[in-house]
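J.: Kindly return the folded structure for what I paste below:
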Amino acid sequence: MHILVFGKDGQLGKAFKGLFDSIDLASHNITVQFVGRSDCNLLQIASLSNLLNQAKPNLIINAAAYTAVDKAEAEVEVAYAVNAKAPEIMAQYAADHGATFLHYSTDYVFDRNKSGFYIEEDLRDPLGVYGKSKVAGELAIEKVFANVLAGQYAIFRTSWVYGAGGNFIKTILRLAKERDSLSIIEDQVGVPTSADWLAAVSLDLIFDRHWRLQKIPSGIYHAVPSGETNWHGLACLAVQSAIEAGASLQIDQGLIKPILAIEYPLPAPRPMNSRMASDKLREAIASQGDVSKLPRWKQSWREQVQAYVHQLVKDRFI
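T.: Purely as a prediction, here's the structure:
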């Protein structure tokens, strides 16, 4: 089996690299090829198609995306090319060759109106270009697989991802070391998601315990840990966890001021409610009967963030 992973330089791509490095791939007759911008320009359809035809993957993991939310308002064509057209080409290859396709989407496909947790069937109504381009990608994939008998796909919607790379938590810790106070938005809610956790649960869905691809119900799955918070709460936890781990910071959580989103205007609108329910994914994995996969769901977002920050301190990031 050959696996092709796009987005090797991003947080999720690096998480997949770490995960696959921990497996004895040769004993399972698995090869993995990681692809970054220098290997394939997703803006060029011919380049992407040639790579797919040469690699002949059984599993395509698209961890690549255009994620510059504010720049997308001006770079509309680029956002749609990477977030919609490229996934469509990957999906078409998978459908034509009976392969499995994993794609990653976002909470930005929703508006700000729902008061509770979004489920997979809720209306897609994005607020900005980034969200609209991700919706276009979801729709393109669904259309490709609508009338085919071969191949399968899973679209994982996730939110507030952090891992090996730039992210909100690292930014907060850096600023907490440099400044004597911070002001962070408290009226936008969501679920922080570890890239390592996201990569692991993705493979939990499609592989059995012997690392063989298995049949899954194709469709959209929300993939976030349990719980919820806001940006201010996440910032406070990150700072508190770093101090507990021995980091020397200029401020503690008491010096992080909560503010409203309206006080921090940005070019692109953000969802006020990014909470998503992951029941569908958790139940799909549980139905496979492999109890070794279930402990991943017992750790809340809070516990995962604490472990992540403690590791950052141990690795001398701060």
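J.: C-alpha from now on. contacts and neighbour counts both.
T.: Noted.
J.: Which pLDDT does the model give the closest residue to Glu178 other than its chain neighbours?
T.: For Glu178, the nearest residue in space outside its immediate sequence neighbours is Gln250; the separation is 6.5 Å by Cα to Cα, 6 or more residues apart in numbering. With respect to pLDDT, Gln250 scores 94.
J.: and Gln250, what helix or strand is that in?
T.: Gln250 is part of no helix or strand, with elements assigned from DSSP states H and E.
J.: what about it, neighbour count?
T.: Here the count is done by other Cα atoms under 10 Å, and Gln250 has 15 residues near it.
J.: right, and it touches Ala176 too?
T.: Yes: counting by Cα atoms under 8 Å, Gln250 touches Ala176, with 5.7 Å between them.
J.: At which residues are the helices of the stretch 201-318 of the chain located?
T.: Counting by DSSP state H, counting those that start in this stretch, the stretch 201-318 of the chain forms helices over residues 231-244, 279-286, 301-314, given from the N-terminal end onward.
J.: Can you tell me which of those is packed in deepest?
T.: The densest packing among the helices of the stretch 201-318 of the chain, expressed as mean neighbour count by mean count of other Cα atoms under 10 Å, is seen in helix 231-244 with a mean of 22.
J.: so how far is it off the chain centroid?
T.: Mean C-alpha position of helix 231-244 versus that of the full chain (Cα atoms, centre = their mean, to the nearest Å) differs by 21 Å.
J.: what does stretch 163-176 give?
T.: For stretch 163-176, the distance between its averaged C-alpha position and the chain's averaged C-alpha position is 16 Å (Cα atoms, centre = their mean).
J.: Let me see the mean pLDDT of that stretch.
T.: Mean pLDDT, taken over the full extent of stretch 163-176, equals 97.
J.: export it as CSV, just CAs?
T.: In CSV, the C-alpha atoms belonging to stretch 163-176 read as follows (Å, rounded to 0.1, in the frame of the first residue of the first chain):
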residue,chain,number,x,y,z
GLY,A,163,1.0,21.4,16.8
ALA,A,164,4.5,21.6,15.4
GLY,A,165,4.4,25.0,13.8
GLY,A,166,3.0,28.5,14.3
ASN,A,167,-0.2,28.6,16.3
PHE,A,168,-2.2,30.6,18.8
ILE,A,169,-0.8,28.9,21.9
LYS,A,170,2.8,29.5,20.9
THR,A,171,2.0,33.1,20.1
ILE,A,172,0.5,33.7,23.5
LEU,A,173,3.4,32.1,25.3
ARG,A,174,5.9,34.2,23.3
LEU,A,175,3.9,37.4,24.1
ALA,A,176,3.6,36.4,27.8
